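A.B. asks: Here is my input, please return the structure:
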Amino acid sequence: MISDIVNAISGVFAFLTTPVSWVIVQFHKVFGAVFGPDTGWAWGLSIVSLVVLIRICLIPLFVKQIKATRNMQLLQPQMKAIQERYKNDKQRQSEEMMKLYKETGTNPLSSCLPILVQSPFFFALYHTLSGIADNKKIGVIDQSLLDSAQKAHIFGAPLAAKFTDSASELAKMGASLTDVRVVTAIMIVLMSASQFFTQRQLMTRNVDLTVKTPFMQQQKMLMYVFPLIFLFMGINFPVGVLVYWLTTNVWTMGQQMTVITRNPTPGSKAQEKMLGGLQKHVITHSATRTKRERTIVKGIVAKGRDRNEYERKFINGLSKAGLAAQADGTVVKSSAATEVLDEDGTAAGGAKRQQPKRQSKSQRQTAVGTAPGAKHEPAASAKPSLEKKDAAPQTGAKPAGGSTSTASNGRSKAKSGQRKGQQRSKSSSKK
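C.D. replies: Purely as a prediction, here's the structure:
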């Protein structure tokens, strides 16, 4: 059933068999001159070269895919908020999602562009190899090339052989059932494993793990679903198509690894590793030596308080080494740096602000007494006194109310625990 579906789809893209077969024939002329025209190396490397040529042409779309995937990851918190706000109104939820995509210039389908564009070539190659297996001239492959392709074996498996072919069908191609099934089984496992590793690499290294959204769960599910799909569909693919798809997966894995290493998603494990290596390199040379290094440092400094954990760790690491990152991406000594404060109170170079030391009460009183413009009084008068002071000296007259207390300078100090300030006079007697 799966084979019938693939054949039907391949028929839709039959118009591409001519350009695809022409490219394979051109590469076959080159490799045939080296390895021999009827060898599996000549035909196998021709298919590999076809993949490389297609993937090189798809690099601009791959760049768009990376940007679209990253934008989708950055929008996950906002998307989650929309889903929670309009969880009972699916139509309004979709409208708000489309509005968010439009405002941010994000296209969710951009992440699928390389696969969608490459699929027609895949089915065209499948159609070409099926024609070779059925001994039919197809595209620019004439009878001589058809005979050569049928003789080509890759580790004992004919180019057009499938895992599901019977022993009698394989005997017509000059191959045994055991050889074909062993080779195709190994290639199917490698194809599924490379697909799993590529998706796992994206999930574990290039995703901001601080954001938990349904998008991450969806990607995690695809990490297991895609390899299973290839595992079950692979038994219906000819050996040449398995070579094509295995080469595509290996190319994608290497291309993605390069992107993750050089331009990781902010907040991901890949960014932590990248900034750790960059920090060591900058500290060793006390400078940013390449344009890429300056671009990374410039971007981190420009974020200011919006830096994530790994970016703050990078800046603070430079500070401990006596270096400071500048707005133009260069690195200088901390003493010459322009201070850019971070969330934890550190500057762009990581130097912490010094807080003034807290003084004791006696130190503050001494500082007030010796401040510029302060009046200097005798030591005796500096101490607080609780004695009553008359407006004018008394000559022996008793104060009103019959009080017999007399004022005198230098009287004994107030007792401990007594309230400071002028005390209320006591009455001489109660009537």
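A.B. asks: Run a quick neighbour tally on residue 272.
C.D. replies: 18 (other Cβ atoms under 10 Å). C-betas here are computed from N, CA, C, even on glycine.
A.B. asks: Then residue 227?
C.D. replies: Neighbour count of residue 227, defined by other Cβ under 10 Å: 21.
A.B. asks: What of residue 273?
C.D. replies: Residue 273: 15 surrounding residues under other Cβ under 10 Å.
A.B. asks: got a list of what it touches?
C.D. replies: Residues near residue 273 by Cβ atoms under 8 Å, 6 or more residues apart in numbering: residue 264.
A.B. asks: name the element it belongs to?
C.D. replies: Taking DSSP states H and E as the definition, one finds residue 273 inside helix 269-285.
A.B. asks: Can you list the buried residues in that helix?
C.D. replies: Residues of helix 269-285 classed as buried: 269, 270, 271, 272, 274, 275, 278, 279, 282, 283 (neighbour count, 16 or more other Cβ atoms under 10 Å).
A.B. asks: Next SSE downstream of whatever helix or strand residue 226 lives in?
C.D. replies: Using DSSP H and E, residue 226 maps to helix 214-233. Per DSSP H and E, helix 214-233 leads on to helix 239-262 as the next helix or strand towards the C-terminus.
A.B. asks: could you check the angle helix 214-233 makes with that next one?
C.D. replies: Going by axes from the mean of the first three to the mean of the last three Cα atoms, to 10 degrees, helix 239-262 is angled at 160 degrees with respect to helix 214-233.
A.B. asks: May I have the helix holding residue 226 as PDB, with CA atoms only?
C.D. replies: Extracted in PDB, the C-alpha atoms of helix 214-233 (Å, rounded to 0.1, in the frame of the first residue of the first chain):
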ATOM      1  CA  PRO A 214       3.400  23.000  23.700                       C
ATOM      2  CA  PHE A 215       5.700  23.800  20.800                       C
ATOM      3  CA  MET A 216       8.500  22.000  22.700                       C
ATOM      4  CA  GLN A 217       6.300  19.000  23.400                       C
ATOM      5  CA  GLN A 218       5.400  18.900  19.700                       C
ATOM      6  CA  GLN A 219       9.100  18.900  18.700                       C
ATOM      7  CA  LYS A 220       9.800  16.200  21.200                       C
ATOM      8  CA  MET A 221       7.100  14.000  19.700                       C
ATOM      9  CA  LEU A 222       8.500  14.600  16.200                       C
ATOM     10  CA  MET A 223      11.800  13.400  17.400                       C
ATOM     11  CA  TYR A 224      10.400   9.900  17.800                       C
ATOM     12  CA  VAL A 225       7.700  10.000  15.100                       C
ATOM     13  CA  PHE A 226       9.900  10.900  12.100                       C
ATOM     14  CA  PRO A 227      12.500   8.000  12.600                       C
ATOM     15  CA  LEU A 228       9.600   5.500  12.900                       C
ATOM     16  CA  ILE A 229       8.100   6.800   9.600                       C
ATOM     17  CA  PHE A 230      11.400   6.400   7.800                       C
ATOM     18  CA  LEU A 231      11.900   3.000   9.400                       C
ATOM     19  CA  PHE A 232       8.600   1.700   8.000                       C
ATOM     20  CA  MET A 233       8.700   3.500   4.700                       C
END
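A.B. asks: what's the angle between the helix or strand encompassing residue 180 and helix 239-262?
C.D. replies: Using DSSP H and E, residue 180 sits in helix 177-205. Helix 177-205 and helix 239-262 meet at an angle of 20 degrees, taking the same axes, to 10 degrees as the criterion.
A.B. asks: average model confidence for helix 177-205?
C.D. replies: The average of the pLDDT scores along helix 177-205 is 87.
A.B. asks: Return the set of buried residues in it.
C.D. replies: Neighbour counts using 16+ other Cβ under 10 Å place 177, 179-181, 183-184, 187-188, 191-192, 194-199, 201-202, 205 of helix 177-205 among the buried residues.
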